[in-house]
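[1] got a structure for you, letters missing:
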C-alpha cells in the first residue's frame with residue numbers, strides 16, 4: 001500500500017479521526033516499512049512533547065486580558081486634578097483666542113497675523129480640552145503641545161532680551177507651558193507602562 005496513504009491514516013488516528021483504511025492493513029504495512037514506522041514514532045514523540053508541556057490548570061486567558069484592560073484604563077493618582085487643571089488652562093486659552101479671532105486685536109499685530117495667533121490659541125485650547133475628556137489621548141497630543149509651547153516660549157524670551165517685546169505681556173505663554181506639563185503628568189503612567197521590560201519566558 002502507498003506510504004503516503006498509510007501516513008495520512010496514522011495521523012488521522014492520532015487525531016481521533018477516521019482513517020479510511022482497515023487497521024489490520026495499516027499494521028501489516030508498518031511491520032514491513034521501517035520508514036513509516038519511523039514516521040509514526042516521530043508523530044507520537046511530538047504529540048507527547050506538546051501534551052507534557054501543556055498547562056494542566058484552568059484557562060485564565062480571559063482573566064489576564066481583563067486585568068490588563070483594567071490596568072490600562074485605570075485612572076492614575078491625581079488624574080481628576082490634572083484633568084480639571086487642563087480644563088482651566090483651556091478656558092484661559094479660549095479667553096486669549098476670542099479677541100484675536102473676532103477683532104484681530106493682538107498688541108498691534110497685523111490683522112492676518114492676529115487671526116493666525118487666535119487660531120493657534122483656539123487649537124491649543126481644544127487640544128487641552130480633548131486631553132481632559134480623553135486622558136488616554138494625552139500621550140498623542142504631547143509632541144504637538146510641547147513643540148508649540150517650547151517654541152513660543154523660546155521666541156518670547158529672545159524677543160524680550162532684544163527689546164522687541166515686553167516681558168509682562170509674554171507671560172501668557174506660561175499657560176501653554178503649564179498645559180504641556182499637565183499633559184506630561186497625565187501621560188506619564190502610560191509611558192512608564194510602555195517602558196517596562198518584557199517578561200522573559202524560561
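    That came through fine. None of these values were measured; they are calculated from a predicted model.

[2] from here on, contacts and neighbour counts on C-alpha atoms
    Noted.

[3] remind me which residues of this protein are low pLDDT?
    By pLDDT under 70, the low-scoring segments of the chain are 1, 50-61, 64-78, 103-114, 164-165, 168-170, 189-202.

[4] Domain-wise, how is it divided?
    3-52, 80-195 (automatic domain parsing).

[5] Relative to residue 62, which of those domains is closest?
    Nearest to residue 62 among the domains of the chain is domain 80-195 (20.5 Å), distances taken as CA to CA.

[6] starting at the chain centroid, how far to that closest one?
    Centre-to-centre, domain 80-195 and its host chain are 24 Å apart (CA atoms, centre = their mean, to the nearest Å).

[7] which helices and strands does the strand or helix carrying residue 82 pack with?
    In the assignment (DSSP states H and E), residue 82 maps to helix 79-103. Contact analysis of helix 79-103 by 3 or more CA pairs under 8 Å, 6 or more residues apart in numbering; DSSP states H and E lists helix 111-133, helix 173-195 as its packing neighbours.

[8] wait, which of these is closest to residue 21?
    Comparing the helices and strands packed on helix 79-103 by CA to CA, helix 173-195 comes nearest, at 55.2 Å.

[9] quick revisit: buried deepest among the helices and strands packed on helix 79-103, which one?
    Neighbour counts (mean count of other CA atoms under 10 Å) averaged over each of the helices and strands packed on helix 79-103 peak at helix 111-133, with a mean of 20.

[10] got a list of contacts for that one?
    Contacts with helix 111-133, where a contact means CA atoms under 8 Å, 6 or more residues apart in numbering, come from 82-84, 86-87, 89-91, 93-94, 96-102, 104-106, 137-138, 141, 145, 176, 179, 183.
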